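Novice: quick one, what's the 3D model for this:
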Amino acid sequence: MLKERIDNELKEAMKGKDAVKVSTLRLLKAAMCNDEIAKKEDLTDDDIMAAIKRQISQRKDSIEGFEKGGRQDLVEKEKKELEILKAYMPEEIDPGELLAIVKEAVAETGAVSPREMGKVMKVVMGKVKNRADGKTISALVNKELAKNTPPQEEDSPKEGS
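Specialist: Just a heads-up that it's a prediction; the model follows:
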């Protein structure tokens, strides 16, 4: 089980005095604990994956912010933490395979405009199961739905108003 793996690796990191890994895994365990309290039951591996994904997303946002602020020391720390967290995620899906799944989901849902993005996203997310980033999927779905939308459908101000 994923929770046991995280616990064991935290112990190993503590024994090995790997400060970055210890702090990263402690933050992850705190997030998992908060989820468990909110859910009022033990977490499944999927719940733990969701917590890890949130932690990964936070690290990516922090890296972006620190790069803009010129804090290379913090960028490096966040990148190390990101790599530690990514080790617990399943291997990412191939971009070509992801595009095929998006196209299949668009056909399956019958979506024709970006307004129906939610339906498509739900189908795609169910099929990829933590193997792709939500932002990447969202961009692909949006691009695919935009192909189907005729230009006249966009709201534009009328002349003379």
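
Novice: so the residue nearest the centre of the chain versus residue 124, what's the distance?
Specialist: Central residue of the chain (Cα atoms, centre = their mean): residue 133, 4.1 Å from the mean position. Per Cβ to Cβ, to the nearest Å, residue 133 is found 12 Å from residue 124. From N, CA and C alone the C-beta is placed, and that goes for glycine too.

Novice: now swap in residue 88 and tell me
Specialist: 22 Å.

Novice: with residue 44 instead?
Specialist: 21 Å.

Novice: and what of residue 58?
Specialist: Going from residue 58 to residue 124 by Cβ to Cβ gives 23 Å.

Novice: same question, residue 48
Specialist: According to Cβ to Cβ, residue 48 and residue 124 sit 21 Å apart.

Novice: the more surrounded of those two?
Specialist: residue 124 (25 against 21; other Cβ atoms under 10 Å).

Novice: you'd agree that one is up against residue 103?
Specialist: No - assessed by Cβ atoms under 8 Å, residue 124 is found out of contact with residue 103, at 10.0 Å.

Novice: so how many other residues sit close to the spatially closest residue to residue 102 that is not a sequence neighbour?
Specialist: Excluding the flanking residues, the one nearest residue 102 by Cβ to Cβ, 6 or more residues apart in numbering is residue 140, at 4.7 Å. Residue 140: 21 surrounding residues under other Cβ under 10 Å.

Novice: could you do residue 53 as well?
Specialist: Residue 53: 16 neighbours (other Cβ under 10 Å).

Novice: what residues are up against it?
Specialist: 89, 130, 134 (Cβ atoms under 8 Å, 6 or more residues apart in numbering).

Novice: buried residues in the longest helix seen in the chain?
Specialist: Using DSSP state H to define each element, the chain has its longest helix at helix 45-68. For helix 45-68, burial by neighbour count (16 or more other Cβ atoms under 10 Å) applies to 47-53, 55-56, 58-59, 62-63, 66.

Novice: list the contacts of the helix or strand bottoming out on mean pLDDT in the chain.
Specialist: Least confident helix or strand, the chain: helix 134-148 with a mean of 77, by mean pLDDT, DSSP states H and E. Helix 134-148 is contacted by residues 53, 98-99, 102-103, 105-106, 111-114, 116-117, 120-121, 124-125, 128 when judged by Cβ under 8 Å, 6+ apart.

Novice: now list the buried members of those residues.
Specialist: 53, 98, 102-103, 105-106, 111, 114, 116-117, 120-121, 124-125, 128.

Novice: burial count for residue 78?
Specialist: Residue 78 has 22 nearby residues by other Cβ under 10 Å.
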